[in-house]
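Asker: What would the 3D arrangement of this be:
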Amino acid sequence: MAETIISTEFSSEMQQAYINYSMSVIMSRAVPDIRDGLKPVQRRVLYAMNELGLNAEKPHRKSARIVGDAMGKYHPHGDSSIYEALVVLSQDFKKGMALVDGHGNFGSIEGDGAAAMRYTEARLKKFTQEVYLADLDKNVVDFVPNFDETEKEPEVLPVRVPNFLVNGAEGIAVGMTTSVPTHNLGEVIDAVKLCIDQPDVTVEELMKVMPGPDFPTGGIVTNKAELAQIYATGKGRIKLRGKAEIQYASKRSEKDRIVITEIPYTMVGANIGRFLSDVANLVESKKIPDISDILNQSSKDGIKIVLELRKGADAEKVLQGVLKKTKMEDTFGVNMLAIANGKPEVLGLKQILEHHIQFQEEVNTRKYRTLLERETKKKEIQEGLIQAVDCIDLIIEIIRGSQTIKKAKECLITGNTDSIRFQSKKSQERARKLCFTEAQATAILELRLSKLIGLEILTLQEEYQKTLNRITSYEKILSSRDALRKVIKSDLDKIKKAYAFPRRTKITNTKEAVFEERPVTEMDVVFAMNRFGYVKMMERSVFEKNAELIQEESKVLIPCKNLSKICIFTQEGLMHQLKMQDVPLCKGKDKGVPIENLCNYKMETENYLFIGAVEQIKGKQLLFVTAKGAIKRVDFSEFETIKRTILSTKLADNDKIIFLAPLDSNLIVLVTNQRRVLKFQSEEVTVLKKASVGVRGMKLEQNEEIQAVYCLNHDEKRTVLIGRKKVDLSKLPLKRRDGKPEKL
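Answerer: Take a look at the predicted model:
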């Protein structure tokens, strides 16, 4: 087969490919469907568990088995994403209604990870069976081929409540995200019913029955006045606050305490540990010095964090400080993005409820059509059996006189009596009048003799009457939209009665916490870092008393102000900033804290070239020299930023900075690993922006690199060791930048 080469514009091809990739991620991975509120991986996990028969009455099964089935049949994207979805579906501190009953270590609210899938076990909750997976056998949703077309999977699950609201959603796609808070099941059901009864209902009226989010961690929503706008547009920011109580001491020997019993939803996981660390830092930095002890007494029964206060402390002021300076007061970004009608769309509350009602009408219509078809077929068979009972002797005679089942069946359907022996002509004449349907004839031939007992015949007639009643009921539901909606409401009432629970999150209008920090007095300090990367700040007087010992232990010592910033320039082309206020004020013998805890500098993977205080470098120029000979001057104003980490320079491939320092000298000497030396005036080095690579300092030969850089003034004498030779730098000939170097 000959190849066909299609000529196309590269940019348009890349654009189309990226659009296709983006839509694939949005539709098939990250964003939930508005109909069932589930992402594909969640839907497939629940369906795989249903297919395995892991209902609430059955024993738990290994999570690895569930993950294996889901991956092998429906979701071929790796076991870790499937297991992570299974774990989250079981965590009642993340979901409004947990859908999986986990057995074993499925993680904790404090951020502990779940055990490996080979250790944990799971099964479906009863709520999930009845509300999410019921009626799948009644053709209520479309089934589509799986990834290799060997299995069928549901396009969506027939979820009977708006799961998009009940359990919320989080997802990051390409160019868009979804973030939906959890809500109270009973309130959501009331909102759906109100929307059914009053199609023109407003968001404000809906919020009378569903006032706002209901997070599994409780807490307080403090911007009630803004919720109507958020629910109308599907976007906004919900302000959250943890629940804390001041317990005043009842005895003189006791201390006042602040007891935190509920946390904002955004603190779930590792942020609890971060909160405790933040409080400790506030105490160490003396911003809130009145906390004497921090106790985390949380258990399986709930959150309990105790902050013990010093005697005489203003408890209310301390609480305001904790709220203001930590994650105890936070915001939850709302972006109600979902797949609606085959495309991603940001939806308001009323639109979400309307989509759910429309989906329920479709699901229930398909359900009752299927049930009507089944009952109609059952009615046909029951009518045939009742009719057969009235002429059972004739039917027995036909069966006994037939040579094959086929002949007997043909006689029952068409009245053809050929090849059938009858005991009398009268029986044959009666047989010719028979006209059962094929289904009736099959049922008659399969009829057990025990069914001819009088009571069984009576039961058959009663069942037939029930079938007629069900058919009438189903036809009534299908013929009237009001009747259909009445059924939907009835189902919702049953769900609410069985599974609704009281609201956990309080909704109110509260002003943000106000905390006036004590003004920090500026003073002279010394910044110290030892060879292990531990840093500390000391008062100048403390340093002077222990100067010899501290100098011996420290790798970096910088006199500065306590309100200053420390800049750390690395060989890899980064600049990290460290606020001196974040560095603990210590005594001379104190060890300090790892620098990695205070800024982004990583001691193990980065090599620093220069560390200095901002006030010492401000107004100066920094000299950059790389191993491949690039050189430049950069004004320090380029590095004045509020960011903790920025790029300090642009590097060529496989290059690195080998010298970086403030430039205070007239002359620069470059020395290579092949003992070639070039001396030139510093003013010849171009002043450039930090984002530039630089200019060439000297021409390098193959495998040659700059090994050392020296800066000196015209009248300065300095002798250095290059290789094994002592060289007086002042006697080197002065040349031009990028000129011919001297060979030593």
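Asker: In space, not sequence, find me the middle residue of this protein.
Answerer: Taking CA atoms, centre = their mean as the criterion, Glu170 is the residue nearest the geometric centre of the chain, at 5.0 Å.
Asker: what number of residues lie near Lys591?
Answerer: 13 (other CB atoms under 10 Å). For glycine as for every other residue, the C-beta is placed from the backbone atoms N, C-alpha and C.
Asker: mind listing what it touches?
Answerer: 534, 536 (CB atoms under 8 Å, 6 or more residues apart in numbering).
Asker: 10 Å instead?
Answerer: 530, 532, 534-536, 553, 584 (CB atoms under 10 Å, 6 or more residues apart in numbering).
Asker: Could you look up the SS state of it?
Answerer: Using DSSP: H, G, I helix; E, B strand; the rest coil, the structure places Lys591 in coil.
Asker: distance of it from Met529?
Answerer: 11 Å (CB to CB, to the nearest Å).
Asker: cool, and Leu688?
Answerer: Leu688 is 30 Å from Met529, by CB to CB.
Asker: So which of these two has more stuff around it?
Answerer: Neighbour count, other CB under 10 Å: between Leu688 and Met529, Met529 has more, with 23 against 19.
Asker: List the residues that contact the residue lying closest to the more buried one once chain neighbours are set aside.
Answerer: Nearest non-adjacent residue to Met529, counting by CB to CB, 6 or more residues apart in numbering: Val556, 4.2 Å away. Listed by CB under 10 Å, 6+ apart, the contact set of Val556 reads 527-531, 535, 566, 568, 595, 608, 611-612.
Asker: Could you list the alpha-carbon positions for the helix or strand hosting Val556 in CSV?
Answerer: For Val556, the enclosing helix or strand under DSSP states H and E is strand 554-561. Extracted in CSV, the C-alpha atoms of strand 554-561 (Å, rounded to 0.1, in the frame of the first residue of the first chain):
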residue,chain,number,x,y,z
SER,A,554,29.1,28.3,61.6
LYS,A,555,29.7,28.1,57.9
VAL,A,556,27.9,31.4,57.2
LEU,A,557,27.8,34.5,59.5
ILE,A,558,26.0,37.6,58.3
PRO,A,559,25.6,40.7,60.5
CYS,A,560,22.2,42.3,59.6
LYS,A,561,18.9,43.7,61.0
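Asker: Can you check my assumption that Ile444 lies in a strand?
Answerer: No. Judged by three-state DSSP, Ile444 forms no part of a strand; its state is helix.
Asker: measure it to Tyr248 for me?
Answerer: Taken as CB to CB, the span from Ile444 to Tyr248 is 86 Å.
Asker: Please say which of those two ends up with more neighbours.
Answerer: Ile444 (23 against 10).
Asker: which one is that one nearest to, not counting chain neighbours?
Answerer: Per CB to CB, 6+ apart, closest to Ile444 is Ala388, 4.7 Å.
Asker: Give me the pLDDT value at the one you found.
Answerer: Note on Ala388: pLDDT of 85.
Asker: model confidence over stretch 40-49, on average?
Answerer: 95.
Asker: C-terminal to the lowest-mean-pLDDT helix or strand in the chain, what's the next element?
Answerer: Across the helices and strands of the chain, mean pLDDT, DSSP states H and E gives its lowest value to helix 10-25, namely a mean of 64. Counting by DSSP H and E, the next helix or strand C-terminal to helix 10-25 is helix 40-51.
Asker: What is that following helix packed up against?
Answerer: The contact analysis (3 or more CB pairs under 10 Å, 6 or more residues apart in numbering; DSSP states H and E) places helix 40-51 against helix 63-73, helix 79-90, strand 100-103, strand 121-124, helix 126-131, strand 152-154.
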